[in-house]
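In: One predicted model, sequence on top.
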Amino acid sequence: MKLAFSGVDKLLLMSTPQDDLDYHNVPHGQGREKHNFAAIDAARESGVKYIVYASLAFGLESKAGVMRAHLRTEAYLTTLADIKWTIVREGLYQESWPLYAGFYDTVADSREEVVVAGDGGVSMISLEDLGIADALVLVDRSGMYEEEFLYLSPRESVFLNEVLKTVSRIKGREIRLKIVSEWEYVEYYAEKGFPRAMLEWWVSSYMALSEKESVRLRMENRMSC
């Protein structure tokens, strides 16, 4: 990995999408962060001076399982004295809304009712906008983003109920949102063939949404996209 970073001065680091590494409440250093730690250390050894880490825009102490590896990576990166860093808390991807809306299949889904475990508003942003914002951070030479947590998110959040109203309008039929307990959510989708370990990991995202973790915060170091 050191060779891959040879000649790199400033690095944008993104986590592996292999989320099964985070299942079963794995101990510190054994989830996706294990790969992040290795990449960070290899970058330092290769002479990289600045790392921009792409995290997610949940709470600073999030209850979402998807944030566990991000929080551990952030904590590790911010303790290092030999490298500059910026943590980019990226809004939830617009393209990922089906994951939050009961794994909705935009082509073949025939459900009239979508089961979820919470709905507290989602701060979503397009991948294209995130790419532009990340690029602006990477090319900046003023130092204004050093040792900062940046939240890349829109000014407005959207509820899953509103998302399904839009889908209903496009589909020409009503699609309702049904909110159930976390246990009921896991059992419901496990019966439909989804891996239980994945569901037990993912369902905590709804607790985070219900507590409005992803809703835009008023912070001075926010970039508005």
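Out: Structure received.

In: And for Arg155, the neighbour number?
Out: By the measure other C-beta atoms under 10 Å, the count of residues near Arg155 is 9. Glycine gets a C-beta too; all of them are placed from N, C-alpha and C.

In: tell me the pLDDT at it?
Out: Among the per-residue scores, Arg155 shows a pLDDT of 76.

In: next one: Asp109
Out: Here the pLDDT value assigned to Asp109 is 96.

In: so how many other residues sit close to it?
Out: Here the count is done by other C-beta under 10 Å, and Asp109 has 15 residues near it.

In: Equivalent analysis for His24, please.
Out: By other C-beta under 10 Å, the residues close to His24 number 12.

In: From here on, call the first residue 810.
Out: Okay, using 810 as the starting number, the last item reads as His833.

In: from what I can see, it looks like it's in a strand, true?
Out: No. Inclusion of His833 in a strand is not indicated when DSSP: H, G, I helix; E, B strand; the rest coil is applied; the result is helix.

In: which residues sit in contact with it?
Out: Counting by C-beta atoms under 8 Å, 6 or more residues apart in numbering, His833 makes contact with Ala1006, Trp1010.

In: go with 7 Å
Out: Each residue near His833 by C-beta atoms under 7 Å, 6 or more residues apart in numbering is listed here: Ala1006.

In: Okay, it and Lys858: tell me how far apart.
Out: Remark: distance between His833 and Lys858 (C-beta to C-beta, to the nearest Å) = 37 Å.

In: what do you get for Pro826?
Out: Distance from Pro826 to Lys858, counting by C-beta to C-beta: 27 Å.

In: Tell me what the most centrally placed residue in the chain is bridged to.
Out: Centroid check for the chain by C-alpha atoms, centre = their mean gives Leu865 as the closest residue, at 3.6 Å. Beta-bridge pairing of Leu865 under DSSP bridges involves Glu899.

In: my read: it touches Glu899, true?
Out: Yes. Distance between Leu865 and Glu899: 6.0 Å, which falls inside the contact criterion (C-beta atoms under 7 Å).

In: So, low pLDDT: which residues of this structure?
Out: Per-residue confidence of the chain (counting by pLDDT under 70) places the weak regions at 1024-1034.

In: rerun that using 50 as the cut-off
Out: The model of the chain has pLDDT under 50 over residues 1025, 1027-1034.

In: That one: strands as residue ranges?
Out: 819-823, 859-865, 893-899, 901-902, 922-925, 933-934, 958-962, 985-988, 1032-1033 (DSSP state E).

In: Could you export these as JSON lines, including distance to Ile941?
Out: JSON lines is the format used below for these (distance: least, C-beta to C-beta, whole Å):
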{"stretch": "strand 819-823", "distance to Ile941": "13"}
{"stretch": "strand 859-865", "distance to Ile941": "13"}
{"stretch": "strand 893-899", "distance to Ile941": "12"}
{"stretch": "strand 901-902", "distance to Ile941": "14"}
{"stretch": "strand 922-925", "distance to Ile941": "31"}
{"stretch": "strand 933-934", "distance to Ile941": "10"}
{"stretch": "strand 958-962", "distance to Ile941": "10"}
{"stretch": "strand 985-988", "distance to Ile941": "32"}
{"stretch": "strand 1032-1033", "distance to Ile941": "10"}
